[in-house]
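In: following is a predicted model, sequence given first.
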Amino acid sequence: MSTLKIMLLGLNYAPEPVGIGPYSAGLAETLAAEGHSVTAVVGKPYYPQWRPDPAHAGGGWRRSAEAGVRIVRCPHYIPAEPGGVKRIVHLASFALSALPAALVEAWRQRPQVVFTVAPALLSVITAWIVARLCGAKLWIHVQDFEVEAALATGLMNEAGIGARLGRWLEGWVLRRGDRVSTISPQMMAKLVEKGVAAERCYELRNWANARFALDAAGADNVRAEWGIAARKVALYSGNIARKQGIEILIDAARLLAHRDDIMFVICGEGPNRAALAERAAGLGNVQLHDLQPAERMGAMLAMADLHLLPQIAGAADLVLPSKLTNMLASGRPVVATTEAGTGLYAEVDGCGLVVDPGDAAGLAGAIEQLVDDPALRGELGQAAAARAVERWQQPAILARLMVELQRLANPR
C-alpha cells in the first residue's frame, strides 16, 4: 500500500476521555503508526465537562506533535450551559477558526483525503472547502445525526423553520462527501434516506478500547473506597445529557430502594449533572461520581455486575452510544432502554436485557432479574464478550478502513 497524506478535521479529540474524541485520536494515531502522514485540525478539549481543559485553555491556535500526528488545536467558544443558540455558536466558532488553520496545513501538506467527523455539520462545510481547494477527496464520518437528535431531545421544534433548514442543510452537506461513513447498519440506511448514494456509504464502527483490560484488584479497591462492599453494582459511566434520558436510572433506583444488595453507580459529567444529583437526593442506593480517568477504567468495568445504557425514545438510530463497545468487552450484561427493531436493540439483544424507553418499572425489573439470577448474568456476559470480539475489535475495523482509504485516494 502507498503512503497517504490525510487531514483529519473535527471538533473533538484526545485528551477528551469519552464521546467522539478517543475515536478520532485512535484513528489518527493508528494511521500515523502505519506510516501515513496525518495532520489533525481539532478543537481544544472541553468535553464532557463543557469547560476548557486547563492544560489547553487560553491563547489562539496551538501546534504540537502527539503519537506521530501533527495537531493544530483551534480556539472556539465553550458555553457553560449548551443548548439552542449557544450550541450553534459553539459549533460555528470551531468551523470558522478551523478554516484558516486547515487551509494553511493543506497548502503545506497537500492531503489526498480530508477526513471530517460530524457532529458538527458546520465543520464539514469547512472540510469541504479545504478539500475542494487542495484537490483532495472528502470523507465524512457521521457519529450521530445532530439535527435529528436535536429534534428528538426537544432542542429544536419539529414544525419550525429551523428544523426544515437543518434537515435540508444536513442532506446537502452529506451529499458533498466522496465517501460517507457511519457506525451502524441502521445509520447507514439513514444516510441513504438523506440522499447519499449507496455506493458512497461505508460502515465504520467504533471499537472497544484495548487499554481498558479488566482490573479485578483495582475493582476491589474502588469498592472499598466508595463503601460498596459486596453489593451488586449497576453501573452507568459517560456523558450526562438529554439524549441519554438518564433520569430513568434514578426512577428505577427509587423503585429498588428496598433492595440493600443493589447499588446504582453513576460516573459522569455534563449539562444535566446538577439536575440528576438533585433528583437522586435522599436515595441511599445511588452514588454519583465524576467521570473516572482512563487508567481507572479497567477497575470500573470489573467492578460492575451489569451495565446500564439508557436512551430516550426516537434516538436509538440517530446515534449508537460509543460506551456500548467497552460495556460488551467487559463481559457484563447490558440493560438498555430502546425500542425493538432499532440498532441499539440489535446490538444488545442476546447479551443483555432491553426495556422500553421511559419504563422505569421495566428497567427496575430487568435489573432485579439479573441480580437474582447469576447464571443468566454469566450467560449474557459471556455472549457480550463474544459479540465484542466479533464486531468491535479495533485492529480489524481500522485495517478495513485503510484499504478503503487507499481505494478512495488512489482510484484505478
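Out: Received the coordinates, thanks. None of the values given here were measured: they were computed from a predicted structure.

In: which parts of stretch 301-316 are buried?
Out: Buried residues in stretch 301-316, counting neighbours by 16 or more other C-beta atoms under 10 Å, are found at 301-312, 314-316. C-beta here means a position set from N, CA and C on the backbone, and glycine is covered the same way.

In: now do the domain split for the chain, please.
Out: With domains defined by automatic domain parsing, the chain comprises 5-207+393-409, 216-391.

In: show me the contacts for Gly35.
Out: Counting by C-beta atoms under 8 Å, 6 or more residues apart in numbering, Gly35 makes contact with Thr3.

In: and it, what element?
Out: Using DSSP states H and E, Gly35 falls within no helix or strand.

In: measure it to Gln394 for me?
Out: Remark: distance between Gly35 and Gln394 (C-beta to C-beta, to the nearest Å) = 18 Å.

In: just give me the neighbour total for Ile397.
Out: 19 (other C-beta atoms under 10 Å).

In: wait, it sits on Arg205?
Out: Yes. Taking contacts as C-beta atoms under 8 Å, Ile397 lies within contact range of Arg205: 5.5 Å.

In: shaky segments in the stretch 1-150 of the chain?
Out: Residues of the stretch 1-150 of the chain meeting the criterion pLDDT under 70: 1, 147, 149-150.

In: my guess is Tyr345 contacts Val355, does it?
Out: No. At 10.6 Å, Tyr345 does not count as touching Val355 under the criterion of C-beta under 8 Å.

In: the two - which one has more neighbours?
Out: Remark: of Tyr345 and Val355, Val355 carries more neighbours, 21 against 16, as counted by other C-beta under 10 Å.

In: wait, isn't the more buried one in contact with Ala364?
Out: No. Applying C-beta under 8 Å as the test, Val355 and Ala364 come out as separate, 9.2 Å apart.

In: and the helix or strand hosting Pro100, what other elements does it pack with?
Out: Pro100 belongs to helix 85-109 when elements are defined using DSSP H and E. Judged by 3 or more C-beta pairs under 8 Å, 6 or more residues apart in numbering; DSSP states H and E, helix 85-109 is in contact with strand 5-10, strand 37-43, strand 69-74, helix 121-134.

In: count the residues that sit near Pro374.
Out: Neighbourhood size, Pro374 [other C-beta under 10 Å]: 11.

In: per-residue pLDDT, it?
Out: Pro374 is assigned 96 on the pLDDT scale.

In: equivalent analysis for Leu155, please.
Out: Reading off the model, Leu155 has pLDDT 63.

In: repeat that for Ala316.
Out: pLDDT at Ala316 comes out at 53.

In: intersection of neighbour lists for Tyr345 and Val355?
Out: Residues touching both Tyr345 and Val355 by C-beta under 8 Å, 6+ apart: Ala336.

In: doesn't Ala25 make contact with Val117?
Out: No. Between Val117 and Ala25 there is no contact under C-beta under 8 Å: 11.0 Å.

In: more crowded one of these two?
Out: Legend: neighbour count by other C-beta under 10 Å for Val117 and Ala25, higher for Val117 (26 against 23).

In: leaving out sequence neighbours, find the closest residue to the more buried one.
Out: With sequence-adjacent residues excluded and distances taken as C-beta to C-beta, 6 or more residues apart in numbering, Val117 is closest to Gly10, at 3.5 Å.

In: residues contacting that neighbour?
Out: Applying C-beta under 8 Å, 6+ apart to Gly10 gives the contacts Ile20, Ser24, Ala40, Val42, Gly43, Thr116, Val117, Ser123.

In: how close does it get to Leu301?
Out: When distance is defined by C-beta to C-beta, Gly10 is 26 Å away from Leu301.

In: cool, and Glu105?
Out: Taking C-beta to C-beta, one finds Glu105 at 37 Å from Leu301.

In: helix/strand/coil for Ser237?
Out: strand (DSSP: H, G, I helix; E, B strand; the rest coil).

In: now it: closest residue in space that isn't a chain neighbour?
Out: Closest residue to Ser237 apart from its sequence neighbours, by C-beta to C-beta, 6+ apart: Cys267 at 4.4 Å.

In: any weak-confidence spans in the stretch 251-400 of the chain?
Out: Using pLDDT under 70, the flagged stretches of the stretch 251-400 of the chain are 314-319.

In: swap in 90 and give it another go.
Out: The model of the stretch 251-400 of the chain has pLDDT under 90 over residues 268-276, 290-298, 311-326, 329, 338-347, 388-396.

In: please, where are all the helices along it?
Out: Secondary structure of the stretch 251-400 of the chain by DSSP state H, counting those that start in this stretch: the helices cover 273-280, 297-303, 323-329, 343-348, 360-372, 374-391, 394-409.

In: among those helices, which is nearest Asn239?
Out: helix 323-329 (8.5 Å; C-beta to C-beta).

In: packing partners for that closest one?
Out: By 3+ C-beta pairs under 8 Å, 6+ apart, helix 323-329 packs against helix 297-303, strand 306-309, strand 334-337, helix 343-348, helix 374-391.
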